[in-house]
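>>> with the input below, show me the fold.
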Amino acid sequence: QVQLVESGGGLVQAGGSLRLSCAASGLSFSSYGLGWFRQAPGKEREFVAAISWSGRITDYADSVKGRFTISRDNAKNTVSLQMNSLKPEDTAVYYCAARSGAYFPGRQAADFGSWGQGTQVTVSS
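Okay, here's the model as predicted:
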């Protein structure tokens, strides 16, 4: 059974930084594409970032490009999201997701078969 557990969320002032981590178990981690999504109150879940099996290919939503960095450690079965220059509009619940069978997982939430429970990120102005 695949399990994804996020950590690292919290309250931060605008301009600050947070690092989210996601620990995975129950899967052949290095064969899964990974992604981060977020959902703000009253809004649909949206793509934030994705990373390929090897970590060589990454993709970012335009709204976070240049501020957020996704990375993975296949030896530790973890994926991280470094978030810098945070803005109030980054406030959301952030979810880690995993997709099997594709070198690069893409941006579509429906393609990801496994999800974490989410971690709250709140950015105050």
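>>> secondary structure element for residue 96?
strand 92-100 (DSSP states H and E).
>>> next SSE after that strand?
strand 114-115.
>>> listing partners with orientation, what would you give for that following strand?
Taking DSSP bridges as the criterion, strand 114-115 pairs within the sheet with strand 92-100 (antiparallel).
>>> contact partners of the partner strand?
2, 4, 6, 9, 20, 22, 24, 27, 31-40, 43, 45, 48, 79, 81, 105-106, 109, 111-121 (Cβ atoms under 8 Å, 6 or more residues apart in numbering). Quick note: C-beta positions are derived from backbone N, CA and C, even for glycine.
>>> now the residue most central in space within the chain, nearest residue through space, not along the chain?
The centroid of the chain falls nearest to residue 36 when counting by Cα atoms, centre = their mean (2.2 Å). In this structure, residue 36 finds its nearest non-sequential neighbour in residue 48, 4.3 Å apart by Cβ to Cβ, 6 or more residues apart in numbering.
>>> got it, and residue 67?
residue 85 (4.7 Å).
>>> returning to that earlier point: next, the buried residues of the strand holding residue 96.
By neighbour count on 16 or more other Cβ atoms under 10 Å, the buried set for strand 92-100 is 92, 93, 94, 95, 96, 97, 98, 99.
>>> mind listing which of the contacts of strand 92-100 are in strands?
4, 6, 20, 22, 24, 32-39, 48, 79, 81, 114-115, 119-121 (DSSP state E).
>>> buried ones among these?
4, 6, 20, 22, 24, 32-38, 48, 79, 81, 114-115, 119, 121.
>>> coming back round to it: from residue 25, how far off is the residue nearest to residue 36?
22 Å (Cβ to Cβ, to the nearest Å).
>>> who are the contact partners of the closest residue to residue 6 other than its chain neighbours?
Closest residue in space to residue 6, ignoring its immediate chain neighbours: residue 119 at 4.1 Å, by Cβ to Cβ, 6+ apart. Residues near residue 119 by Cβ under 8 Å, 6+ apart: 6, 7, 8, 9, 20, 93, 94.
>>> do residue 86 as well
Residue 86 touches 12, 14, 15, 16, 17, 18, 67, 121, 123, counting by Cβ under 8 Å, 6+ apart.
>>> many thanks, we can stop here.
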